[in-house]
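S.K.: structure of the sequence below:
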Amino acid sequence: MALLGLIQECTNNSGGGTGLYLALRADVLSFTMDAVTKEYTGVTMDGATDFSLYVPEEYLLSIKPGLESKGGAHKFTTTVEIDLGKLRQTQMTALQELMDSNACGYVGIIALANDVRWVVGYDEKDTVDYKNKLKITTGAGDSKQDLMDPTNFILTLVAVQREAIHTYTGLIPIAGGSI
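M.R.: Numbering: from 1, shown residues only. Sure, this is the predicted structure:
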């Protein structure tokens, strides 16, 4: 197999993100992949289930794909960090809801400020047994000490997969429609 190489594109390269869309891993049946671009172009959900949107505080959302390789074996570990903003009861209620379903894991679509969306917690090599799911690993709030420092809660999710993450170009099914 010949290598395809990589040519850089002249496109927006802003950091940060605009939204974390989460669905229970068991509710995502499959993604449709473009055979040429290797991008996901659509998603099939179980019944009337949807993704739920978690909006970060001021674009404070990141995705950090990583790769480890040893002796012919490899794994892709992707970390997602989101600042859920100021400490408040609605935030704690949302966190408790997430923790109550964390054992089963999630599929995430991460919308970045540069208009690229990434799928994390799903890959083509583990579509049935869900070993690649996205799970919450840590979370920490901080009330801060100074009146000028905003409070926050940083949530970290991690997925370990057998293949690299893919971009998503399709509509995201959310309650009330798709975006």
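
S.K.: can you tell me which residues contact the residue nearest to the spatial centre of the chain?
M.R.: The chain has G108 as the residue nearest its centroid, 3.5 Å off, counting by Cα atoms, centre = their mean. G108 makes contact with L20, Y21, L22, V80, V119, V120, G121, L134, L157, A159, according to Cβ atoms under 8 Å, 6 or more residues apart in numbering. All C-beta spots, glycine's among them, are computed from the backbone N, C-alpha and C.

S.K.: how close does the nearest residue to the fifth one once chain neighbours are set aside get to L84?
M.R.: It refers to V119. Once flanking residues are discounted, V119 sits nearest to Y168: 5.0 Å by Cβ to Cβ, 6 or more residues apart in numbering. According to Cβ to Cβ, to the nearest Å, Y168 stands 22 Å off from L84.

S.K.: out of the contacts of G108, flag the one nearest to Y40.
M.R.: V119 (5.5 Å; Cβ to Cβ).

S.K.: check the secondary structure at T137 for me.
M.R.: Classification of T137 by DSSP: H, G, I helix; E, B strand; the rest coil places it in strand.

S.K.: just the strands in this structure please.
M.R.: Ranges of strands in the chain, per DSSP state E, are 17-24, 28-33, 40-45, 52-54, 61-70, 73-83, 106-112, 117-120, 134-142, 152-161, 166-167, 173-174, 177-178.

S.K.: can you count the residues close to the closest residue in space to G16 that isn't next to it in sequence?
M.R.: Once flanking residues are discounted, G16 sits nearest to Y59: 3.2 Å by Cβ to Cβ, 6+ apart. If you count neighbours by other Cβ atoms under 10 Å, Y59 ends up with 15.

S.K.: hang on, Y59 packs against G85?
M.R.: No. Y59 sits out of contact with G85 when judged by Cβ atoms under 8 Å, with a separation of 11.6 Å.

S.K.: so, low pLDDT: which residues of this structure?
M.R.: For the chain, applying pLDDT under 70 flags the ranges 12, 128-130.

S.K.: recalculate using a threshold of 90.
M.R.: 1-15, 47-48, 58-59, 86-87, 123-132, 144-145, 147-152, 175-179 (pLDDT under 90).

S.K.: contacts only, for the residue nearest to G16.
M.R.: G15, G16, G17, T18, A113.

S.K.: same question, W118
M.R.: With the criterion set at Cβ under 8 Å, 6+ apart, W118 makes contact with I63, I109, I110, L112, I165, H166, T167, Y168.
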